[in-house]
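>>> the sequence and its predicted three-dimensional model are supplied below.
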Amino acid sequence: MARSPRGRIRQLATTSDDPLTQAIAPPPDESEVARAERLRQEAEAKRISDDIDEELKRERAVWKKNKSLFKLLLLGQSESGKSTTLKNFQLAFAPNAWQQERASWRSVIQLNLVRSVNIILDVLAEEMAAAPSRTTSPGPGSIVTSRPTSPNFHTIPASPSADLDPDADADADTAPPLEFSHQHALLKMRLTPLRQAAGNAGSVEGSTSEHGERGRMDSATEVLAGCAGDVRELWANGVVRTMLARRKMHLEESSGFFLDDVERIATRTYEPTDDDVVRARFRTLGVQEYSLTFENTDVTERGIAKEWMIYDVGGARTSRAAWLPYFEDAHAILFLAPISCFDEVLTEDRRVNRLEDSFILWKAIVSSKLLTKCIIILFLNKYDLLARKLKSGVKVKKYLSSFGDRENSAAVLAKYLHQKFRDQHKDLSPEPRSFYGYVTSVVDTKATASTLLSVRDGLLQQYLAKADLV
Ligand SMILES: Nc1nc2c(ncn2[C@@H]2O[C@H](COP(=O)(O)OP(=O)(O)OP(=O)(O)O)[C@@H](O)[C@H]2O)c(=O)[nH]1
Ligand SMILES: [Mg+2]
């Protein structure tokens, strides 16, 4: 290599009795000018040599780091909670880095809010447009309409339970007509700028650029702040809430829901809280590499614990081919299966049940020969949403016949699914390996922090045990 001889010359030059040193030593009768030039050249040579040494040191460090860096892959379908889990990793293990990033979520959260408003405005426009032909007995200054018979759920990406519910339409024709007033028309008109704001900023999606185009998003902040009062009024409106309830649109259960916090969020000076950031929805495109440096001092000194590479992937079916190159190097996979989704369908393919899709993915991963050496961890996620859903009366059996007549409770379903995932892991793994499954609600950062602590320690233990065997 070109570098080492130069480094060597420098080293040898300091040894005065070496023949080479003597041969290149300055002549005893050197002039002032010649001496100055020689010193300049030597200084330059030393600078180059130091640069080379520095580069060598860096290369060595990178090589050492890459060899020992622990690589964790977050996998699972879209909206399973991968990016939210990554946020929890940051919050629990790199709180300083998290603090620095927190403010950059402001626009994403505000656009999440704008999106919810626009979903409501879409439905409102549809219902109000249908009103004249359905008018039965208009009161003074009001428009009366009945609910269209075919609900349009396609506007909500996190499909509500009504998605597959054959009874969803049952009370459609019996409900009294919705009474829209002039106020609704005014609200609809005054909130039109939000449509523009959302359009300008594009969809809220993750990419290599920093959360979209900042300038345009700032203008969304302006527009939203200007509309705050009307947004509040829209969400508080009784007729609007009835309209959504009749369509079984549970906006408050969908991702990126912030309508209950308009007062706080729709302002120019809004600063996101930890909770806001964790609940924000920002779809991942491609594969995002995140280097997690553990800031806590309790981490083991054995090198691999200090810094992890975490790969957060886009979970939609169309994005999954991009996962493949990351399998080879992965030490561990954290697989997220959202268990509240037993009655929902994939946004990208509405023929596929979301729970079914999770099982298909899980089976492919645990049976993969490429991942034989990988430690696999399962999060049965969105337990909070599952509990809420079952409390509202949704019956598991209707969507998952194998569940049979077991008690229709979140705890029982979680246990049932846990066992199913465990069995498949056992039956399909090419070689025997340990199974780690956790029931989680990753929006609960406190509970998730202790889960992640146990995950981290378990992973390191396994990893080191394997390393010792090699
Ligand atoms: N209530 C509740 N919401 C959750 C939970 N996990 C994730 N979410 C929310 O669900 C939304 C989607 O979560 P993400 O972490 O963005 O999902 P993802 O798996 O990264 O999705 P893609 O990037 O599309 O692959 C976010 O708004 C989260 O706040 C959970 O356990 N409970
Ligand atoms: Mg994501």
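Arrived safely. Ligands and ions are numbered 1, 2, ... in the order given.

>>> show me what contacts the most centrally placed residue in the chain?
Closest residue to the average C-alpha location of the chain: S83 at 1.8 Å, with CA atoms, centre = their mean. By CB atoms under 8 Å, 6 or more residues apart in numbering, S83 lies in contact with L74, G206, F282, T284, D312. Using the backbone N, CA and C atoms, a C-beta is placed for each residue, glycine as well.

>>> show me what the nearest residue to I376 once chain neighbours are set aside bridges to in the sheet.
In space, and not counting its chain neighbours, I376 is closest to I333: 5.0 Å by CB to CB, 6 or more residues apart in numbering. Beta-bridge pairing of I333 under DSSP bridges involves L73, I376.

>>> pLDDT at I333, what is it?
The score at I333 is 96. That number is its pLDDT.

>>> thought it was touching G76?
No - I333 is not in contact with G76 according to CB atoms under 8 Å; the separation is 9.6 Å.

>>> for the residue of the stretch 351-470 of the chain found nearest ligand 2, helix, strand, or coil?
As assessed by CB to the ion, ligand 2 sits closest to V442 within the stretch 351-470 of the chain, at 11.6 Å. Of the three states, V442 takes coil according to DSSP: H, G, I helix; E, B strand; the rest coil.

>>> quick one: contacts for it?
G81, T84, T85, N88, V278, F379, N381, T448.

>>> give me phi/psi at it?
The phi and psi values for V442, taken as degrees, to the nearest 10, are phi -70, psi -10.

>>> how much space separates it from A43?
57 Å (CB to CB, to the nearest Å).

>>> and this protein, which residues reach ligand 1?
Proximity of the chain to ligand 1 (CB under 6 Å from any ligand atom) is limited to residues 76, 78-84, 255-256, 279, 281, 283-284, 314-316, 381-382, 384-385, 441-443.

>>> again, only using 5 Å
78-84, 255-256, 279, 281, 283-284, 314-315, 381-382, 384-385, 441-443 (CB under 5 Å from any ligand atom).

>>> does the host helix or strand of A131 reach ligand 2?
For A131, the host element (DSSP states H and E) is helix 106-134. No - judged by CB under 5 Å from the ion, helix 106-134 stays clear of ligand 2, getting no closer than 12.0 Å.

>>> returning to that earlier point: select from the contacts of V442 the one having the most neighbours.
Most neighbours among the contacts of V442, by other CB atoms under 10 Å: N381, with 30 neighbours.

>>> any idea how far L361 is from the residue nearest to it when sequence neighbours are not counted?
Leaving aside its sequence neighbours, N381 sits nearest to G81 (CB to CB, 6+ apart; 4.5 Å). Per CB to CB, G81 is found 14 Å from L361.

>>> now swap in D444 and tell me
Taking CB to CB, one finds D444 at 24 Å from L361.

>>> who has more neighbours, these two?
Legend: neighbour count by other CB under 10 Å for D444 and L361, higher for L361 (20 against 15).

>>> and what about that one, helix, strand or coil?
Assignment for L361 (three-state DSSP): helix.

>>> pull out the buried positions in the helix holding A131.
106-121, 123-124, 126-128, 131 (16 or more other CB atoms under 10 Å).

>>> same question, stretch 387-403
Within stretch 387-403, judged by 16+ other CB under 10 Å, the buried ones are A387, R388, K389, L390, V394, V396, Y399, L400, F403.

>>> from the residues of the chain next to ligand 1, which would you call buried?
78-84, 255-256, 279, 281, 283-284, 314-315, 381-382, 384-385, 441-443.

>>> can you give me the strands in the stretch 51-200 of the chain?
Using DSSP state E, counting those that start in this stretch, the strands found in the stretch 51-200 of the chain span residues 70-75, 142-145, 178-181.

>>> er, the stretch 251-400 of the chain actually
Under DSSP E, counting those that start in this stretch, the stretch 251-400 of the chain gives strands at 287-293, 307-313, 332-338, 375-381.

>>> show me what the residue in the stretch 301-450 of the chain positioned nearest to ligand 2 is bridged to.
Using CB to the ion, the closest approach of the stretch 301-450 of the chain to ligand 2 is made by D312 at 5.8 Å. Under DSSP bridges, the beta-bridge partners of D312 are L74, Q288.

>>> so what's it up against?
L74, K82, S83, L86, T284, V287, Q288, Y290.

>>> same list (those residues) but as CSV, adding pLDDT.
CSV is the format used below for the contacts of D312 (pLDDT from 0 to 100):
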residue, pLDDT
L74, 97
K82, 98
S83, 97
L86, 97
T284, 94
V287, 91
Q288, 92
Y290, 93
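
>>> ok, which of these also contact ligand 2?
Within these, those near ligand 2 by CB under 5 Å from the ion are K82, S83, T284.

>>> you'd agree the last one is up against V313?
Yes - contact status for T284 versus V313: in contact at 6.5 Å, counting by CB under 8 Å.

>>> where do the contact lists of the two overlap?
K82, S319.

>>> which residues touch A387?
A410 are the contacts of A387 under CB under 8 Å, 6+ apart.

>>> got it, and T84?
So T84 contacts V278, V442, V443 (CB under 8 Å, 6+ apart).

>>> in CSV, list those along with pLDDT and distance to A197.
Formatted as CSV, the contacts of T84 follow (pLDDT from 0 to 100; distance: CB to CB, whole Å):
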residue, pLDDT, distance to A197
V278, 97, 24
V442, 98, 29
V443, 96, 26
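
>>> which one among those gets closest to Q462?
V442 (21.8 Å; CB to CB).

>>> let me see the contact set for K420.
F359.

>>> next one: it from I339, what distance?
10 Å.

>>> try A94
Taken as CB to CB, the span from A94 to I339 is 28 Å.

>>> ok, those two, which is more surrounded?
Legend: neighbour count by other CB under 10 Å for A94 and I339, higher for I339 (26 against 21).

>>> who does the closest residue to the more buried one other than its chain neighbours form a beta bridge with?
Nearest non-adjacent residue to I339, counting by CB to CB, 6+ apart: L380, 4.8 Å away. Beta-bridge pairing for L380 (DSSP bridges): A337, V439.

>>> dump the residue contacts of L380.
So L380 contacts A337, I339, A414, L417, H418, F421, G437, Y438, V439, T440 (CB under 8 Å, 6+ apart).

>>> redo these as a markdown table? Include pLDDT.
Below are the contacts of L380 laid out as a markdown table (pLDDT from 0 to 100):
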| residue | pLDDT |
| --- | --- |
| A337 | 98 |
| I339 | 98 |
| A414 | 98 |
| L417 | 98 |
| H418 | 98 |
| F421 | 98 |
| G437 | 97 |
| Y438 | 98 |
| V439 | 98 |
| T440 | 98 |
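
>>> so in this structure, which helix runs the longest?
helix 32-68 (DSSP state H).

>>> packing partners of it?
Secondary-structure packing of helix 32-68 (3 or more CB pairs under 8 Å, 6 or more residues apart in numbering; DSSP states H and E): helix 3-13.

>>> where are the low-confidence patches of this structure?
1-27, 59-68, 132-173, 199-218, 297-305, 467-470 (pLDDT under 70).

>>> how is it carved up into domains?
With domains defined by automatic domain parsing, the chain comprises 3-63, 73-94+294-469, 106-276.

>>> neighbours around the closest residue to L69 other than its chain neighbours, how many?
Among residues not flanking L69 along the chain, M309 sits closest, at 5.4 Å (CB to CB, 6+ apart). Per other CB under 10 Å, the neighbour tally for M309 reads 19.
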